[in-house]
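Student: Below is the sequence, then the predicted model.
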Amino acid sequence: MPDSMTQILSSGPPGIKVKIAVMGDGFADGADQTAYNNKVDDLLLNGLFKNDYYFEDIQAFNIYRLNLISVDSGVGTKTYNNGTLLSTVTKNTALGYYYSGSWSHCWLEGGPNTSTLVNNALNTWVPDHDLVLILLNNPGFGGCGGGGFAVLPLGITWDTIAHEFGHGMGGFCDEYCQTDQTYSGPEPGCVDNTINTDRATLKWVRFVNPSTPVPTGVGKCAGYTKGAKPADWDDNQSVGLFEGAGTLTQGIYRPVINCRMRSNLPPYCPVCYTQMKSLNDAKTQRTFLNAYAGDFNGDGKSDALVHNGNGIMIYRSNGNQLEVQFSVVDRVPGSWQFQAGDQFWTGDFNQDGKDEVLVFNGSDWVIPYLGLLADDGQSGLRLVARYDGSMPGWQFTAGDQFFVGDFNGDGRADVYVFNGGNWAIPYLGMLQSTGNGLSLVHRYDGDLPGWQTRPTDQFFVGDFNGDKKADLFVFNGSAWAIPYWGMLASNGNSLSMSKRYDGNLPDWQMRPSDQHFIGDFDGNGMADLYVFNGDAWSIAYLGMLKSNGSSLSMTQRYDGNAPGWQMRSHDRHYVGDLNGDNKSDLIVFNAADWSPVYLGRMISTGVGLQCDWSADWIGGWHLGTVDRFEPCNYQGSKGKPDLFVHNTDWFGMLRSAAPWVLDRIYYRWIHNYKYGNNF
Amino acid sequence: MPQPEEIKPVQALRGLPPTQDATASPVIIAPHLPMMEKRGEVKTVQRNTLLPVMGAGAPLPPTGRGTMSPVPSQMPAPSPPSGNPQQPPESHVAPATPAGYVRLTVRLENGQLSITGAKEVPGPLAMPSSVIHGYAYEVLLDDQQVALGSIPDIGVRRSFANRDVPGPEGKHHFAKIPTIEFSVRIPKSYVSTRNLPKLNIVLHDVREAPDRFTSLAPLQKQTAVNTVEVSRLAGIRLEQVSPTVRPALEQIVRETDKTE
């Protein structure tokens, strides 16, 4: 078999990613190549990139595996005794390496042509490289690194590579202290060693709690020596100043007691982690723009799914902060390949108490795809169903619109799909969840019962008759001489028109620019309607229309002002249950009509609203025009009292209160520092 | 995010009404428009006489591409996903790449920088937002940064430590390498006959740097950056490039010149 290359991790163009080239020496054709492939997977895909920093930032990396065929199996060996070469066994291998097992000879060494052979292979097979990992087919321990290269035999595990990449990519110094000697050199250039014991100028002071003594540990290779270690102290994540680093025991200091740069297996400390994140942040190509709320582990707390290009991340809520739970680039098992045009919806499609993810892409592939992603049993997602271009009874097109709701009341989220513009006539489909896929139970070709469908129809889901089956509201303000509003009741497998309003709703003159928000504002189990219009009249209007199961009646209409809130054209509304009383409230945001930017609460009493607001700053969050909001329940309390707020660089967790409370704010990446932050 | 006191002057520039007032009258948004009819008196329907009303049998304006296939009488049971990858459109199979970038291998020997390799790489090149403390390079053109990169871990060869055994093997064994080579990546569009003499490749020893750069000024002119210049290749002259590298570099330059 000739030499070849397999890209085993594809995150993007080489000029944007960290490029790891992996080569093997002494692996013959056949079984050796299988062993080599397995070892690469063990070390990288199932080792390094399944753990902490590398797992989190997998989207920043490309891995190219070079499949070099050696004539002989195993690499040559050299035997030393006290520095004297005793014997050499040469083998005919792709790169000509020798394993010696001699620490003072870097455990291994190249042959006369090794450098040329390595460079030729790299130039031939990889477009570019930052880090090179060369695996020698020898079971011994050891390895030789430097200059972005790491050459190692098979007796090495992923955590050693993580330590070596700390040198090779982060430029970190060692934090262990093996030699009993006092450092006498200048201030080290790396971020994680210092000789400076002055708190005010300490290079990692931003991570040191003011209550932590500096230095924190003195003496040979010290732990915490300045008093009792605090109860919440974490030897890996709590930062101070500890003597012993850079391989020496004294006169030089490290940030934590036990970082990966000391003992391989622990994660990077906050200093090293932040350096690694900063270096590769641009290479992840991530923002917080596309975020979705869902309870992916069924603990009652909303988690966050963030999508970027060809990857997603899931951040799990513990009630007041988020932690990285799942990070994937390119595809999930079962094969859903993420793309920029993916659209996501969350819901419990299999009644397991956890939210699944419905994903549609109508723009990035030769045909549209619809997928259903479910828990993979390891806190991640896998594809359980995929429809390529069509499913029985429905042909997907780019303009398909999806609406999630349990329309048959079986406890599983189902899907309404509408397409008004891609066919000669509009279509509406009812796709019932089977738990592990979707099945069309009814399709309306052209008209709905009592409703002439038009491409510009707008649909909203809500159980307006309280039968636990998600019904449909439909509005069209522009296609006809007058606006129309319809209420279509679901019986589980079809729809019937309960009530159609022509021109006016009760006490409300409909206009094309009416905005509708569905929520049970009186808590009687039937979905009601909030309707807002900020530009069709001389003042803004907000109506609360209560459902009696088959029609609507105006409960309250606010002309210009709601109690505690002056309504304006650019008010943006979201539905939540902000006080957990089972009555749907409104969140209102206005960044355009006032000098301050406002985030308000419109709390429903069942018959009216009581409003309050925060202006400009909520804790450390500066409200701005670019902010997006996702109503959720990350606390796990009653109702839907929380908001994820996000924009390109920032992600925040806002808790409903008067005024709003910021629980957490994150910049560029989500990480909970024991003390300090990265901004 | 900036602190509140830094923001207030910006807000004043917006020229918008000052604040919400819960006791104020409704805001008249559009005085030329009417008010909605009062509650209990809503009866008037605004009609667009150019459009029909629903139910008048109005034909649907022509859209789309025919009709969907009929719904089958029996739905097959769902099958597990095949595991096959999704199919990219033809234009994605062979994407038209932008100009690409050039990877130069640069050698530092006796304090002097020289180019020992050149390779064109397709696709875009991202400018890093940060560099390590230690060695880093920047490429300057007319005093503006056009490329930047970290060079961690150079000039040293390091045996892995064996922490399981006592004695010296428990730490790295270091050997210094007198001649070091590193990669410099430059967007191809800058590698032209006109630019080559003006390109400066600067090797820095970075002592302090922010988490995130916000300027394309030379590192030494940026605030919060403390660097020592280790060496500089001031201008790239093809006639001084080694014969083994020169053809590849000349080819890249010729291609770039054509696009200028």
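Tutor: Yep, it's here. Numbers count the residues shown, from 1 in each chain, chains lettered A, B, ... in the order given.

Student: Work out for me the element residue A:324 sits within.
Tutor: Element membership for residue A:324, per DSSP states H and E: strand A:322-329.

Student: Now do the helix or strand just after that strand: which elements does it pack against?
Tutor: Moving toward the C-terminus from strand A:322-329, the next helix or strand (DSSP H and E) is strand A:331-332. Using 3 or more C-beta pairs under 8 Å, 6 or more residues apart in numbering or on different chains; DSSP states H and E, the elements in contact with strand A:331-332 are strand A:381-388. Placement of C-beta: from N, CA and C, glycine included.

Student: Does anything pack onto the strand it packs on? Which helices or strands?
Tutor: On a contact count with 3+ C-beta pairs under 8 Å, 6+ apart, strand A:381-388 meets strand A:331-332, strand A:369-375.

Student: strands paired with it, and their directions?
Tutor: Using DSSP bridges, the strands paired with strand A:381-388 in its sheet are strand A:369-375 (antiparallel).

Student: how many degrees apart are the partner strand and strand A:322-329 in direction?
Tutor: On the basis of axes from the mean of the first three to the mean of the last three C-alpha atoms, to 10 degrees, strand A:369-375 is oriented at 130 degrees to strand A:322-329.

Student: ok, and what's touching strand A:369-375?
Tutor: Strand A:369-375 is contacted from outside by A:296-297, A:332, A:336, A:349-350, A:352, A:354, A:356-361, A:381-389, A:391, A:396, A:436-438, B:81, B:86, using C-beta atoms under 8 Å, 6 or more residues apart in numbering or on different chains.

Student: how about 7 Å then?
Tutor: With contact meaning C-beta atoms under 7 Å, 6 or more residues apart in numbering or on different chains, strand A:369-375 is reached by A:296, A:332, A:336, A:349-350, A:354, A:356-361, A:381-388, A:396, A:437, B:86.

Student: Kindly report the same for stretch B:191-202.
Tutor: The contact list for stretch B:191-202 (C-beta under 7 Å, 6+ apart) reads B:102, B:106, B:113, B:137-142, B:184, B:190, B:229, B:232-238, B:252-253, B:256-257, B:260.

Student: Narrow those residues to those in strands?
Tutor: Secondary structure assignment by DSSP state E places B:102, B:106, B:113, B:137-141, B:184, B:229, B:232-234 of the contacts of stretch B:191-202 in strands.

Student: any chance you could map the helices in the chain?
Tutor: In the absence of a named chain, chain A is used. Secondary structure of chain A (DSSP state H): helices located at A:31-40, A:52-56, A:114-125, A:158-168, A:260-263, A:270-284.

Student: should've been chain B
Tutor: Under DSSP H, chain B gives helices at B:4-12, B:90-93, B:246-259.

Student: Flag whichever of those has the least confidence on average.
Tutor: Least confident of these, judged by mean pLDDT, is helix B:4-12 with a mean of 47.

Student: and the residue in the stretch 451-600 of chain A that chain B sits nearest to, what is it in contact with?
Tutor: Nearest to chain B, among the residues of the stretch 451-600 of chain A, is residue A:560, at 1.9 Å (C-beta to the nearest C-beta). Applying C-beta under 7 Å, 6+ apart, one finds that residue A:560 lies in contact with A:539, A:540, A:567, B:26, B:27.

Student: my guess is the last one meets residue A:569, correct?
Tutor: No: under the contact definition of C-beta atoms under 7 Å, residue B:27 does not touch residue A:569, with a separation of 8.9 Å.

Student: list residues touching both of these two?
Tutor: Common neighbours of residue B:27 and residue A:569 (criterion: C-beta under 7 Å, 6+ apart): none identified.

Student: give the contact list for the nearest residue to residue A:593 once chain neighbours are set aside.
Tutor: Spatial nearest neighbour of residue A:593, chain neighbours left out: residue A:568 (3.8 Å); criterion: C-beta to C-beta, 6 or more residues apart in numbering or on different chains. By C-beta under 7 Å, 6+ apart, residue A:568 lies in contact with A:534, A:540, A:590, A:593, B:27, B:29.

Student: Buried ones from the contacts of stretch B:191-202, can you make that a PyMOL selection?
Tutor: In PyMOL, this line selects whichever of the contacts of stretch B:191-202 come out buried by 16 or more other C-beta atoms under 10 Å in any protein chain shown:
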select buried, chain B and resi 102+106+113+137+138+139+140+184+190+233+236+252+253+256
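
Student: still on that earlier bit, can I get the contacts of residue A:568 in CSV including pLDDT?
Tutor: CSV is the format used below for the contacts of residue A:568 (pLDDT from 0 to 100):
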residue, pLDDT
A:534, 96
A:540, 96
A:590, 97
A:593, 95
B:27, 89
B:29, 88
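
Student: So which of these wins on neighbours?
Tutor: Of all those, the highest neighbour tally under other C-beta atoms under 10 Å in any protein chain shown goes to residue A:540, namely 27 neighbours.

Student: Hmm, that residue is touching residue A:567, no?
Tutor: Yes: counting by C-beta under 7 Å, residue A:540 does reach residue A:567; the two are 3.7 Å apart.

Student: Spit out the residues that contact these two alike.
Tutor: With C-beta under 7 Å, 6+ apart as the test, residue A:540 and residue A:567 both reach A:534, A:560.

Student: Could I get the pLDDT score of residue B:52?
Tutor: pLDDT at residue B:52 comes out at 82.

Student: what about it, neighbour count?
Tutor: Neighbours of residue B:52 using other C-beta under 10 Å come to 15.

Student: for residue A:133, same thing?
Tutor: Neighbour tally, residue A:133, other C-beta under 10 Å: 28.

Student: who are the neighbours in contact with residue A:318?
Tutor: Contacts of residue A:318 (C-beta under 7 Å, 6+ apart): none.

Student: Chain B: strands as residue ranges?
Tutor: In chain B, the strands defined using DSSP E lie at B:101-109, B:112-121, B:134-141, B:144-150, B:156-159, B:173-176, B:180-187, B:199-208, B:226-234.

Student: The fourth one near chain A at all?
Tutor: To tie it back to what came earlier, the one meant is strand B:144-150. Yes: for strand B:144-150 and chain A, the contact criterion (C-beta under 7 Å from any C-beta of the partner chain) is met by residue B:150.

Student: now that strand and strand B:180-187, what's the angle there?
Tutor: Calculated by the same axes, to 10 degrees, strand B:144-150 forms an angle of 140 degrees with strand B:180-187.
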